[in-house]
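# Give me a model of this one.
(chains A, B, C and D)
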There are 2 protein chains.
Amino acid sequence: MKYNIYDVAKKAGVSIVTVSKVINNSQTVREGNRQKVLQAMKELNYNPSAAARSLASGRTGVIGLLIDNLTDSFLSSALGAINEYLEDNGYFLALSLINESKINNDNIPFLFQQDRVDGLLIVSPVCEDTYILDLKGKKIPFVLMDNQKFHPSVPSVIVNNYKGGYDATRHLLELGHKKILHISGPGLYMSSNDREAGYRAAMTEAGCAPYVINSSSFSIESGYKIVKQLISENKLSGFTSIFAADDYIALGVIDAFKNSSIKVPGDISVIGYDDQELASSFHPGLTTIRQPADEMGRIGAEMLLKIIKGEVKRYNTIKLDPDIVIRESTAAPKQ
Amino acid sequence: MKYNIYDVAKKAGVSIVTVSKVINNSQTVREGNRQKVLQAMKELNYNPSAAARSLASGRTGVIGLLIDNLTDSFLSSALGAINEYLEDNGYFLALSLINESKINNDNIPFLFQQDRVDGLLIVSPVCEDTYILDLKGKKIPFVLMDNQKFHPSVPSVIVNNYKGGYDATRHLLELGHKKILHISGPGLYMSSNDREAGYRAAMTEAGCAPYVINSSSFSIESGYKIVKQLISENKLSGFTSIFAADDYIALGVIDAFKNSSIKVPGDISVIGYDDQELASSFHPGLTTIRQPADEMGRIGAEMLLKIIKGEVKRYNTIKLDPDIVIRESTAAPKQ
DNA sequence: CTGAAAGCGCTTACAG
DNA sequence: CTGAAAGCGCTTACAG
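Below is the predicted model of the structure:
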């Protein structure tokens, strides 16, 4: 019941080479023959063997994706775009969920085997240095996405976090806020530092003094705790708005305000970062900075395929700009 | 620089058959030879070609996973367990993100090709009937996980939603609540109906009258809207607690209460379902029913491998029991 | 326990 | 535009 390329060739009355050419969309096949082959393939319900094609051609048709966290709706959205682009181009996606903390030289991910994948997409790595060298040594094509550090010789697509931080602050400034508190993300992440730098630049430019508190993690709990402590120490007075380094922190901040009967945005405005799915779910809806996840996914996948096909020589980094999404959590300060 | 099995055989001073046996962990290799082969493989940094192995053996070593949504922390946790089990057993995971609404006979997912995968894991399908037939026809082994309908002839691992609904209600009853409102999930899902049935059984058993409102979706927004409307129509009075069909609904419910200055659990208790990551993030922490996601993932993956290896003849459905996780959102009713 | 031989199903120069 | 031939790198009976 399972047919091979010889069965198709016989049925179509051509050689297997011609069948192979039809399978591979080669232009050098007479239209009449192409039709005969197509017809035969259909009648036999023929599917070329992926293994045989890989073995003969040296290509696998699979792209590996390394990612350590899927709960993030930003990543999940990027993943959707990647998957779509890849399928459209005849590749398919193999997943490696990694806990980066567990990676070391003895424990190189499964997919890092030359013949398993044609290329690798590495999403939001924290300690990318660990494998960049390994990958380069093995000559496996790869693209970094949403990476923290800048690697001049590695193709990557990242988001302009400086601009995001700047725009978030500008939004608050334009509403009339002057005392704006920034809750920054973990210093481990370049994105945290960039967002903070954007905030500082906007503040300085406007002649306002920056105030920054550091959050130990991008989490609801952390935002909640920070605000609770600020309130209990009475250090919040004077601030009319908060720019949180991400939506989770912002959500925790707002939760703390709700539990303390402080109105958002009536008493204080809050802006987040990422436009997670949750940002629009609670009331008030969270004003935030949207990262172009879909675009990032598509561009990264596109870049990788180009590298694989050898259409690209110079590796470059593409930096995408975020947008602001205005909802209800920000408003002009009370007079 | 890329070596094959002949290079290893020559270096080790044995035939390629012996090398192959070492690769495949065959027991019939003299220990001394095994060591020589292992040594040679190491020195040459040899990796067997996955494509060649697939072609020769007819096995691919990849398991396809069909899933349509990754933002759910329940699924994401199951996925982690699946991934781990599969890697430990030498398989690797190919992902197909599908929008089930787009599936039809002309648009059968990519992975449904006999020679691409050794088997398929189908997680939380809504309209599984569409492909069960297709898959059976193609004789691709598969396991359904967290499926809605009961398919006697299909191996699957599901969670006992009836028991979850019953236990959630019992918890409230035992705290002393009598007027318990249930916000049920979309009727499209079997899980919604089962949870509701569990609720009704517990209520009836306790001699309490059930009250059910239907939520059109498992979402924060929906829970929020329902409660806001209940409050505005003054229909909430009398109820001392709410059992929401999932955590998202519960979170929306609590959010609405916060915005209306109704205290949880002081004025009203709320229990959710799923133990999403978010359940413990907000204040008060949400009491909820935890689904054994890890266990489900591992058992499903295990089942599939057994089927693939032919170790299983009878297909059966495994039903797992959920646990209750008690946090701060439930308490005894006010006197 | 070991190995010679056949075969898995394609693709890729190459010659025509 | 077409096809004969070689080769991709393994696994699997089978015989010894």
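
# Leaving out sequence neighbours, find the closest residue to A:Asn316.
Nearest residue to A:Asn316 in three dimensions, chain neighbours excluded: A:Pro155, at 6.5 Å (CB to CB, 6 or more residues apart in numbering or on different chains). From N, CA and C alone the C-beta is placed, and that goes for glycine too.

# list the contacts for that neighbour?
By CB atoms under 8 Å, 6 or more residues apart in numbering or on different chains, A:Pro155 lies in contact with A:142-144, A:303-304, A:307, A:312, A:315-317.

# Return the subset of those residues lying in strands.
Applying DSSP state E to those, the entries found in strands are A:142-144, A:317.

# Show the buried residues in the residues you listed.
Buried members of the ones in strands among the contacts of A:Pro155, scored by 16 or more other CB atoms under 10 Å in any protein chain shown, are A:142-144.

# Same list (those residues) but as TSV, adding pLDDT and distance to A:Phe150.
Conversion of these to TSV gives the following (pLDDT from 0 to 100; distance: CB to CB, whole Å):
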residue	pLDDT	distance to A:Phe150
A:Phe142	91	16
A:Val143	93	14
A:Leu144	92	10
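
# I'd like to know which of those residues is nearest to A:Gly297.
For those, the minimum distance to A:Gly297 (CB to CB) is 10.8 Å, reached by A:Val143.

# picking that back up, name the nearest of the contacts of A:Pro155 relative to DNA strand C.
A:Ile307 (17.4 Å; CB to the nearest atom of the strand).

# For the nearest residue to the closest one once chain neighbours are set aside, give me its contacts.
Nearest in space to A:Ile307, with sequence neighbours left out and distances taken as CB to CB, 6+ apart, is A:Pro141 at 4.6 Å. By CB under 8 Å, 6+ apart, the contact list for A:Pro141 reads A:118-120, A:304, A:307-308.

# For ChimeraX, what selects the buried ones among those residues?
Those of these that count as buried under 16+ other CB under 10 Å are selected in ChimeraX with:
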select /A:118,119,120,304,307,308
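
# From the contacts of A:Pro141, pick out the ones that also neighbour DNA strand D.
With the criterion set as CB under 7 Å from any atom of the strand, no member of the contacts of A:Pro141 is near DNA strand D.

# Mind putting the contacts of A:Pro141 into a markdown table with pLDDT?
Below are these laid out as a markdown table (pLDDT from 0 to 100):
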| residue | pLDDT |
| --- | --- |
| A:Asp118 | 90 |
| A:Gly119 | 91 |
| A:Leu120 | 91 |
| A:Leu304 | 93 |
| A:Ile307 | 89 |
| A:Ile308 | 88 |
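
# now, which of the contacts of A:Pro141 lie within helices?
With helices taken from DSSP state H, the overlap with those comprises A:304, A:307-308.

# Let's have those residues in CSV, adding distance to DNA strand C.
As requested, the ones in helices among the contacts of A:Pro141 are arranged in CSV below (distance: CB to the nearest atom of the strand, whole Å):
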residue, distance to DNA strand C
A:Leu304, 19
A:Ile307, 17
A:Ile308, 13
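
# just to revisit the earlier point, which one of the buried ones among the ones in strands among the contacts of A:Pro155 is nearest DNA strand D?
Of all these, DNA strand D sits closest to A:Phe142, with 21.8 Å by CB to the nearest atom of the strand.

# what about the closest residue to A:Pro333 other than its chain neighbours, distance to A:Gly176?
Nearest-residue entry for A:Pro333: A:Thr240, 3.8 Å, with adjacent residues in sequence omitted and distances by CB to CB, 6+ apart. A:Thr240 sits 8 Å away from A:Gly176, going by CB to CB, to the nearest Å.

# same check, this time on A:Met303
A:Met303 sits at a distance of 42 Å from A:Gly176 (criterion: CB to CB).

# which of the two has more neighbours?
Using other CB atoms under 10 Å in any protein chain shown, the more surrounded residue of A:Met303 and A:Gly176 is A:Met303, with 23 against 14.

# doesn't A:Arg314 make contact with the more buried one?
No - contact status for A:Met303 versus A:Arg314: not in contact, 11.6 Å apart, counting by CB atoms under 8 Å.

# I'd guess A:Ile82 is in a strand, am I close?
No - counting by DSSP: H, G, I helix; E, B strand; the rest coil, A:Ile82 is not found in a strand; it is helix.

# Measure how buried it is and give me the count.
Counted with other CB under 10 Å, the neighbours of A:Ile82 add up to 28.

# mind listing what it touches?
Listed by CB under 8 Å, 6+ apart, the contact set of A:Ile82 reads A:65, A:93, A:121, A:297-298, A:300-301.

# now do A:Thr287
A:Thr287 makes contact with A:171, A:269-272, A:324-330 under the criterion CB under 8 Å, 6+ apart.

# how close does A:Leu320 get to DNA strand D?
Taking CB to the nearest atom of the strand, to the nearest Å as the measure, A:Leu320 falls 39 Å from DNA strand D.

# ditto for A:Ala331
65 Å.

# From what I see, that residue and A:Ser269 are in contact.
Yes - using CB under 8 Å, A:Ala331 is in contact with A:Ser269, at 5.8 Å.

# got any residues that touch both of those two?
Taking CB under 8 Å, 6+ apart as the criterion, A:Ala331 and A:Ser269 both touch A:Leu175.

# For DNA strand D, what's the nearest residue on the stretch 201-335 of chain A?
A:Ile308 (18.5 Å).

# Pretty sure that residue sits against A:Leu121.
No - judged on CB under 8 Å, A:Ile308 makes no contact with A:Leu121 at a distance of 11.3 Å.

# Neighbours of A:Ala52, how many?
A:Ala52 has 16 neighbours, counted by other CB under 10 Å.

# element containing it?
Assigned by DSSP states H and E, A:Ala52 falls within helix A:50-57.

# residues in contact with that helix?
So helix A:50-57 is in contact with A:59-61, A:115, B:49-52, B:54-55, B:60, B:113, B:115-116, going by CB under 8 Å, 6+ apart.

# In stretch A:140-154, which residues are buried?
A:140-149, A:154.

# same deal with stretch A:128-136?
A:128, A:131-132, A:135.

# Need those residues in a markdown table (columns: secondary structure).
Supplementary listing: the buried residues of stretch A:128-136 in a markdown table, determined by three-state DSSP:
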| residue | secondary structure |
| --- | --- |
| A:Glu128 | coil |
| A:Tyr131 | helix |
| A:Ile132 | helix |
| A:Leu135 | helix |
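
# Does A:Thr288 lie in a helix or a strand, and which?
Assigned by DSSP H and E, A:Thr288 belongs to strand A:288-290.

# For chain A, name the helix or strand with the lowest mean pLDDT.
In chain A, the helix or strand scored least confidently by mean pLDDT, DSSP states H and E is helix A:129-138, which has a mean of 78.

# packing partners for that one?
Using 3 or more CB pairs under 8 Å, 6 or more residues apart in numbering or on different chains; DSSP states H and E as the contact test, no helix or strand touches helix A:129-138.

# Show me where the stretch 201-335 of chain A has its helices.
For the stretch 201-335 of chain A, the helices defined by DSSP state H, counting those that start in this stretch cover A:220-232, A:247-259, A:293-308.

# which stretch in those is the model least sure about?
Mean pLDDT is lowest for helix A:293-308 out of those, coming in at a mean of 92.

# Now the closest residue to DNA strand C within the stretch 151-300 of chain A: phi and psi?
Residue nearest to DNA strand C within the stretch 151-300 of chain A (CB to the nearest atom of the strand): A:Pro155, separated by 23.8 Å. For A:Pro155, the backbone dihedrals (degrees, to the nearest 10) come out as phi -70, psi 130.
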